[in-house]
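S.K.: I would like to see how this sequence folds:
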Amino acid sequence: MLGFRKKPAIEPAPRIEPQLKGLFSTHGETPYARNLPYQLRSLPVPTVLPQEQTGMDDSAYDGQGQVSPFKSNFGCSIPELQLAWYDSQGFIGYQTCALLMQHWLIDKACRMPGRDAVRKGWELTVNGGDNVPGNVLNFISKIDKAYKVKWHLHEYLFKGRGFGIRVALFKVESPDPKYYEKPFNIDGVTPGSYKGIVQIDPYWIVPELTFSNVQDPTGLHFYEAEYWRTSSGLIHRSHLMIFTTGQVPDVLKPAYYYGGVSVPQRIMERIYAAERTANEAPMLAMTKRLTVMKTDLEQAMSNPSKFAERMEWWKQTRDNHGVKINGLDDEIQQFDTSLAELDNVIMTQYQIVAAIAEVPGTKLMGTQPKGFNSTGEFEEASYHEFLETLQEDDLSPLLDRHYALVVKSFVMPKFGMSEFQIDAAWRELDAMTALEQAQLNLLKIQGDAAAIATGEIDAQEGRKRLITDKDSGYNGLPEELPPMPDEAPVPGQPGAAPAQAAGTRAAAQLVAGKPSLPRARPEPGA
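M.R.: Next up, the predicted model:
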């Protein structure tokens with residue numbers, strides 16, 4: 001009655017809710033994610049020049065001129081958690097992209113297409129009917145080496161894929177202080193003023209739009225930055241070459257600072273899954289054996305220190321380096337985890353990474369394909385098509401501007417020539433083997449022989465074709481045939497075969513596979 005025997009009330013411990021550290025696609029509907037607060041992010045307001053007005057996506061819903069957040073109907077067929085996961089795929093920031101590019105596989109995925117696209121190089125051609133001497137083209141090639149144009153092309157694609165955007169500026173020293181604020185004009189380039197190509201990381205440059213860029217959807221440059229600002233001032237877009245990956249719709253362009261979806265953003269989760277899967281292999285190899293022994297658990301728990309001592313002894317003698325001893329009444333079982341096909345599971349994850357990066361898995365990983373039972377031939381052909389697209393759509397415009405500046409700044413003053421246009425003809429990406437090249441040369445020679453036999457060309461023209469073909473193996477021969485010996489009959493004189501007939505007979509023998517050999521001249525008096 002006095003409460004001496006009454007036990008104090010025990011207050012229940014406060015429930016600690018699990019904290020969500022991150023949302024991963026393999027987590028699924030876990031308790032950690034069911035109560036995830038869902039909040040859609042707003043887009044930043046683009047900077048508009050010259051008036052302080054916002055773009056068409058501004059609803060001023062809060063009276064502050066902020067961009068309206070996305071509207072979502074949670075009654076639709078997409079679950080809220082799934083929609084939240086897709087929303088998490090948004091812009092990750094340029095600093096995050098730089099951090100992710102440190103990973104070895106992300107670095108290869110971003111760097112490899114650029115290297116492969118420019119490895120074979122290109123040929124300088126003049127297709128406008130202008131007669132340009134060979135020494136002029138050699139001079140331009142030397143400027144390319146001095147300005148490291150090939151390295152700039154690779155860096156242009158590498159950092160562009162890494163950040164989603166890459167800005168290249170053609171550095172020209174002009175007496176006009178507002179040269180870059182005005183639209184590009186080739187006539188404003190003075191002799192010797194072109195200094196090379198400068199590439200700018202996206203966190204050092206800010207896009208700025210004019211009123212027409214954000215108000216007129218029918219404009220040619222709607223939602224494209226008219227100017228880009230650096231610490232040195234405004235730069236008109238016509239002075240820049242901008243490479244973007246993964247173009248986004250207009251409504252998302254401000255969120256990406258008018259760039260694109262970067263390769264690290266696309267593959268970071270899949271690389272995480274692939275690396276986690278690869279890390280499971282050594283862990284399974286070390287813990288693949290599970291030993292089970294029947295024992296009296298009540299007796300074991302009655303003396304836990306003795307039980308722990310016996311378990312420690314058991315672990316020391318459980319592998320083949322020790323001897324396992326058990327009693328007559330003991331029953332021991334061992335279960336092994338099978339590691340068969342584990343390599344296929346691991347490599348399949350990496351091949352998905354390669355598919356997202358648009359690089360063949362055999363090339364990205366340097367191993368034979370597994371899991372998909374693929375030979376890699378289709379992947380290589382598709383990869384070459386991707387590289388050709390990069391060359392034509394992204395690298396060729398940069399080279400065209402570079403060569404226009406080189407001609408205006410260096411070639412015209414040095415050689416006293418009028419303005420002309422230089423085009424870059426990209427070399428073939430497929431490298432032939434020595435046997436394939438030899439077979440191709442044989443087909444070319446047989447074609448020349450057939451043309452000589454029918455009189456379409458003569459032997460001199462066929463020889464010139466061999467000399468000008470860089471892969472024929474006869475590049476160093478003189479274009480003129482060597483003179484005939486004095487005692488040899490001159491074509492057209494009595495005792496000599498007609499030149500055309502001799503060429504026809506030689507061509508026919510070459511096609512038949514029986515080339516005529518010069519017969520030994522008989523000694524005098526024989």
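
S.K.: for residue 307, see how far away the residue nearest to residue 157 when sequence neighbours are not counted is.
M.R.: Nearest residue to residue 157, sequence neighbours excluded (Cβ to Cβ, 6 or more residues apart in numbering): residue 114, at 3.3 Å. For the C-beta atoms, the positions are set from N, CA and C on the backbone; glycine is no exception. For residue 114, the distance to residue 307 (Cβ to Cβ, to the nearest Å) stands at 62 Å.

S.K.: now do residue 167
M.R.: Separation of residue 167 from residue 307 (Cβ to Cβ): 68 Å.

S.K.: the two: which is more packed in?
M.R.: Counting neighbours by other Cβ atoms under 10 Å for residue 167 and for residue 307 shows that residue 167 has the greater number, 26 against 15.

S.K.: thought residue 199 was touching that one, still the case?
M.R.: Yes: here residue 167 reaches residue 199: they are 6.9 Å apart, a contact under Cβ atoms under 8 Å.

S.K.: domain parsing for this protein?
M.R.: Domain assignment for the chain by automatic domain parsing gives 94-266+387-424, 434-481+498-511.

S.K.: now do the buried residues in the host helix or strand of residue 273.
M.R.: Using DSSP states H and E, the element containing residue 273 is helix 263-287. Buried positions in helix 263-287, judged by neighbour count with 16 or more other Cβ atoms under 10 Å: 263-275, 277-278.

S.K.: quick one: which two of those are the most distant?
M.R.: Pairwise distances across the buried residues of helix 263-287 (Cβ to Cβ) peak at 21.6 Å, for the pair 265 and 278.

S.K.: all helices for the stretch 301-450 of the chain, in order.
M.R.: 304-316, 342-357, 361-365, 377-390, 396-406, 412-415, 434-453 (DSSP state H, counting those that start in this stretch).

S.K.: compare these and give me the one nearest residue 290.
M.R.: Short answer: helix 304-316, nearest of the helices of the stretch 301-450 of the chain by Cβ to Cβ, at 12.3 Å.

S.K.: which strands and helices sit next to the closest one?
M.R.: For helix 304-316, not one helix or strand is in contact under the criterion 3 or more Cβ pairs under 8 Å, 6 or more residues apart in numbering; DSSP states H and E.

S.K.: got a list of contacts for that helix?
M.R.: Contacts to helix 304-316, defined as Cβ atoms under 8 Å, 6 or more residues apart in numbering, come from residues 291, 293, 300, 301, 322.

S.K.: what about the helices in the stretch 51-200 of the chain?
M.R.: 80-87, 94-100, 104-119, 134-146, 149-163.

S.K.: about what we covered before: keep only those of the contacts of helix 304-316 that are in strands.
M.R.: Those of the contacts of helix 304-316 mapping onto strands are 291, 293, per DSSP state E.

S.K.: now the contacts of helix 304-316 in JSON lines, with distance to residue 118?
M.R.: Listed next are these as JSON lines, based on distance: Cβ to Cβ, whole Å:
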{"residue": "291", "distance to residue 118": "58"}
{"residue": "293", "distance to residue 118": "64"}
{"residue": "300", "distance to residue 118": "69"}
{"residue": "301", "distance to residue 118": "70"}
{"residue": "322", "distance to residue 118": "59"}
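
S.K.: and of the contacts of helix 304-316, the nearest to residue 403?
M.R.: Lowest distance from residue 403 to the contacts of helix 304-316 (Cβ to Cβ) belongs to residue 291, with 72.7 Å.

S.K.: for that closest one, give me its contacts.
M.R.: Going by Cβ under 8 Å, 6+ apart, residue 291 touches 314, 318, 332, 333, 334.

S.K.: and it, bridged to which residues?
M.R.: For residue 291, the residues forming beta bridges with it (DSSP bridges) are residue 334.

S.K.: any idea which of the contacts of residue 291 is closest to residue 414?
M.R.: Using Cβ to Cβ, the shortest approach to residue 414 within these belongs to residue 318, at 81.6 Å.

S.K.: before we move on, the earlier item: pLDDT check: weakest of the contacts of helix 304-316?
M.R.: Model confidence across these bottoms out at residue 322, which has 60.

S.K.: just the pLDDT for the residue positioned nearest the centre of the chain.
M.R.: Nearest residue to the geometric centre of the chain (Cα atoms, centre = their mean): residue 113, 3.2 Å. Here, the pLDDT recorded for residue 113 equals 96.
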